[in-house]
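Chemist: Curious how this folds, go ahead:
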Amino acid sequence: MIDTVTVVFREEIPFLRVQARSLDLYTRDIDVGKVIVVVNDESDVVQMIDPAWWGRLASRVEIIPAQRWCDQIYHNGWVSQQALKILAADAGISQWSMILDAKTFLMKNIDPGRLIHGDRVCMGHNVIAPVFSESLRLVNQLFNINMTQLAGPAGVPHFFNRKLVSSLIDYMGRDKFYQWFLDQGMITEFVLYSGWVHHQLGHINLLYSEKTNYQVTNICHSQVNQIGFLLKLAQREHNLTIGMHRNAWKAASNKHKLDYLQILESVDLITTMESVLVEWDSVLT
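Modeler: You can find the predicted model right below:
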């Protein structure tokens, strides 16, 4: 059994509808426990989200305002969403949580045997990028370890073991975890979690195989000049997900936007490219 966790901002609601359809279509061979959606925005945004978007998974959807864990929304949503991903995974019911951004869409059916073999997730290991070197230094210092790699993929979808997430939160202090995370500044969620796995188990190998059975494609705001190349990568045989950051969407050319939407249409996630283009442009620009 696996839960899904998504943290969403108001302007990402159009993305979330597409993600919901992708989960409905492409998780039919896995046992989905909870579909957890955390609103990292004002609490009234909860009313904008309809569980019916998830189709056959509608009864498993739990929409949680961030205020469950904090008194008010932190001004830096990029930081707060990372703490919320960890806390939301702890609220699940399954052994594993698949951590998603609202922009992350499944492109094909998940084969449970390819994703998890035995007790290990088969998404490989990743060298930690230089941009996260300070996070690595802080986590190694925090847990007195010498971690050099983290569980793959480096971004989303990431897979948390719920028991280890819960023990991490307990170790840091359940009542103060959210504020503790925000106070760290440069520590990121996946580096922190991988560091905890190293600390508890000795190495990520015990839960995460070096074998990579699925690739993913995430287009961030700094990769606008590489969008054409990345869209080609997204069409690899074993590419599982695709996602484009809302700031990358804003900066993309009209051609690249249409190329991206054509890919989504080809895997039955949208039906009319032109209407989606108009909607996303109106919300995201």
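Chemist: and residue 191, backbone torsions?
Modeler: phi -70, psi -40 (degrees, to the nearest 10).
Chemist: ok, it - contacts?
Modeler: Going by C-beta atoms under 8 Å, 6 or more residues apart in numbering, residue 191 touches 128, 132, 135, 136, 139, 150. Yep, even glycine has a C-beta here, placed from its N, CA and C like the rest.
Chemist: pretty sure the fourth one contacts residue 128?
Modeler: Yes. In this structure residue 136 lies within contact range of residue 128 using C-beta atoms under 8 Å: 4.9 Å.
Chemist: Give me the below-cutoff pLDDT ranges for the protein.
Modeler: Low-confidence segments of the chain (pLDDT under 70): 74-76, 285.
Chemist: let's see it at 80
Modeler: Along the chain, segments meeting pLDDT under 80 span 72-77, 185, 285.
Chemist: Next, count neighbours for the nearest residue to residue 127 once chain neighbours are set aside.
Modeler: Once flanking residues are discounted, residue 127 sits nearest to residue 149: 5.9 Å by C-beta to C-beta, 6 or more residues apart in numbering. Using other C-beta atoms under 10 Å, residue 149 has 19 neighbouring residues.
Chemist: And residue 284, how close does it get to residue 258?
Modeler: Counting by C-beta to C-beta, to the nearest Å, the gap from residue 284 to residue 258 is 15 Å.
Chemist: just residue 128 next, same as before
Modeler: For residue 128 relative to residue 258 (C-beta to C-beta), the value is 35 Å.
Chemist: picking up where we left off before, what about residue 136 and residue 128, which has more around it?
Modeler: Between residue 136 and residue 128, residue 136 has the larger neighbour count (other C-beta under 10 Å), namely 22 against 19.
Chemist: Disregarding flanking residues, what is the spatial nearest neighbour of residue 231?
Modeler: Leaving aside its chain neighbours, residue 231 sits nearest to residue 259 (5.4 Å; criterion: C-beta to C-beta, 6+ apart).
Chemist: Using the three-state scheme, assign the one you found.
Modeler: Secondary structure, DSSP: H, G, I helix; E, B strand; the rest coil: residue 259 is helix.
Chemist: which residues does it contact?
Modeler: By C-beta under 8 Å, 6+ apart, the contact list for residue 259 reads 227, 228, 231.
Chemist: Could you give the number of residues near residue 159?
Modeler: Neighbour count of residue 159, defined by other C-beta under 10 Å: 22.
Chemist: could you say what helices and strands the stretch of helix or strand it belongs to packs with?
Modeler: If you go by DSSP states H and E, residue 159 is part of strand 158-161. Here strand 158-161 touches helix 77-90, strand 96-101, helix 189-201, going by 3 or more C-beta pairs under 8 Å, 6 or more residues apart in numbering; DSSP states H and E.
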